[in-house]
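K.L.:
The following comprises the amino acid sequence and a computationally predicted model.
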Amino acid sequence: MNARYLVRFLAAAFVASCAVGAGVASDAPMASAEPCPDVQVVFARGTGEDPGVGPTGQAFVDQLRAREGGKSVDVYAVNYPASNEWSTGLDGIRDATTHVISEAGSCPNTKMVLGGYSQGAAVMGFVTSAAVPDGVDPATVPKPLSPDIANHVAAVVLFGMPNVRAMNFLGQPPVAIGPTYQAKTIKVCATEDPVCSDGMNFAAHDTYADDASIVDKGTDFAVGRLNGTPTAPAAGAGAPGTGFGN
């Protein structure tokens, strides 16, 4: 091997070793890990809405970020079909449950805000349940969250959550908010929305995203919980853990 070839060989080897070294470094958890946010909103969209958090979820996130300007607010969109087949809501319960447990473990100082709209609100309500609903095979659904997970959840904000009447109509078990989440939960129901109240104005169920005053009720509650100054729900918002029409 002559000197010129040796130089080229060593140069190529050096470049390759640097590339491998860079690859190893980029795969290292400390190099690629994102910092934990101050707040994370875990939100489930409503039936038929495009993947993501949906219009109501986005309005809520936008308001929360504006109100919590000095904090980093991350968002996790629950991954589930949000189709007319409500039985697939189990996919959302599984995904949200898995994510909440993971976030609590990897970012213990992050305060989570659980939220949802319509079918997504039912999904997130079931995530907080302390027990599997009667008549449901426990082997087919996620186990209830352990009580210590509640310490990582600051608030639960449910927009237009189906009440007992609606869930009976859909052939689904009613949602029961778990005891450790009841004081942290608000159910925001638009006036006369038949999904969450005794009203019969079906158009009201589509007003959440475009009515800032409705979203405000959920935002006010979440901000109060995040900052350690819980406030009572505004008139028409429903009491924590109960809501209208249940």
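P.N.:
Good, I have the coordinates.

K.L.:
Low-confidence bits of this protein, can you list those?
P.N.:
Flagging of the chain using pLDDT under 70 yields the residue ranges 1-33, 231-246.

K.L.:
what helix or strand is Val156 on?
P.N.:
Using DSSP states H and E, the element containing Val156 is strand 153-159.

K.L.:
Can you tell me how far the spatially most central residue of the chain is from Ala222?
P.N.:
Residue closest to the average C-alpha location in the chain (C-alpha atoms, centre = their mean): Val42, at 1.8 Å. Val42 sits 12 Å away from Ala222, taking C-beta to C-beta, to the nearest Å as the criterion. Where C-beta positions appear, they are placed from N, C-alpha and C, glycine not excepted.

K.L.:
anything in contact with each of these two?
P.N.:
Shared contacts of Val42 and Ala222 (C-beta atoms under 8 Å, 6 or more residues apart in numbering): 113, 115.

K.L.:
which residues touch the strand holding Val156?
P.N.:
For strand 153-159, the external contacting residues (C-beta under 8 Å, 6+ apart) are 39, 56, 60, 100, 111-118, 121, 124-125, 128, 177, 181, 184-188, 208, 214-215, 218-219, 221-222, 225-226, 243.

K.L.:
just checking, which of those belong to helices?
P.N.:
Using DSSP state H, the subset of these located in helices is 56, 60, 100, 121, 124-125, 128, 214-215, 218-219, 221-222, 225-226.

K.L.:
Please name the residues that touch the residue nearest to the centre of the chain.
P.N.:
Contact partners of Val42, counting by C-beta under 8 Å, 6+ apart, are 76, 78, 96, 99-100, 103, 112-115, 124.
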